[in-house]
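Peer 1: what's the 3D shape of this:
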Amino acid sequence: MHRQTLQLSVRLLVLLLVLSLVFLFVSRPADADVPVETVEHVVSAGDTLWAIAIENSSPGIDTRTAVIEIQELNGLSDGLIHPGQVLLVPKG
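Peer 2: Numbers count the residues shown, from 1 in each chain. Below is the predicted model of the structure:
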């Protein structure tokens, strides 16, 4: 009986180890280490992050996601931008 309990414990330990490794690799974003290619955009009077995102995004990219990416790349906490400001914008 003791031997069966030990075998069961070892099997459970191996199963937990395998599941932990699977979770580690599955939960990691695939593009976490891929640098974002950017272009510089000089803000003109009347520009908005929304318009800049639309102008520089690939078809099918959600504009809200593009705006958030621009904010994150430039350390912007809000949508306030100024003429002459140089923004890094994800390329196409």
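
Peer 1: Now do the strands in the chain.
Peer 2: Ranges of strands within the chain are 38-42, 86-90, based on DSSP state E.

Peer 1: Of all the residues in the last one, which ones are buried?
Peer 2: This points to strand 86-90. Leu87, Leu88, Val89, Pro90 (16 or more other CB atoms under 10 Å). Every residue, glycine included, has its C-beta placed from N, CA and C.

Peer 1: how about those residues in TSV, adding pLDDT?
Peer 2: Shown next, in TSV, are the buried residues of strand 86-90 (pLDDT from 0 to 100):
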residue	pLDDT
Leu87	96
Leu88	95
Val89	95
Pro90	90
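
Peer 1: what does the model give Asp33 for pLDDT?
Peer 2: At Asp33, the model reports a pLDDT of 60.

Peer 1: ok, the nearest residue to Ala66 once chain neighbours are set aside to Leu16 distance?
Peer 2: Leaving aside its chain neighbours, Ala66 sits nearest to Ala53 (3.6 Å; criterion: CB to CB, 6 or more residues apart in numbering). To Leu16, Ala53 is 44 Å away according to CB to CB, to the nearest Å.

Peer 1: and what of His41?
Peer 2: According to CB to CB, His41 and Leu16 sit 49 Å apart.

Peer 1: Just the closest of the buried residues of strand 86-90 to Leu12, please.
Peer 2: Nearest to Leu12 among those: Pro90, at 45.7 Å, using CB to CB.

Peer 1: what's the neighbour count on Ile70?
Peer 2: As a burial measure, Ile70 scores 24 neighbours (other CB atoms under 10 Å).

Peer 1: Between Ala53 and Leu16, which is the more surrounded one?
Peer 2: The neighbour comparison of Ala53 against Leu16 (other CB under 10 Å) goes to Ala53, with 22 against 10.
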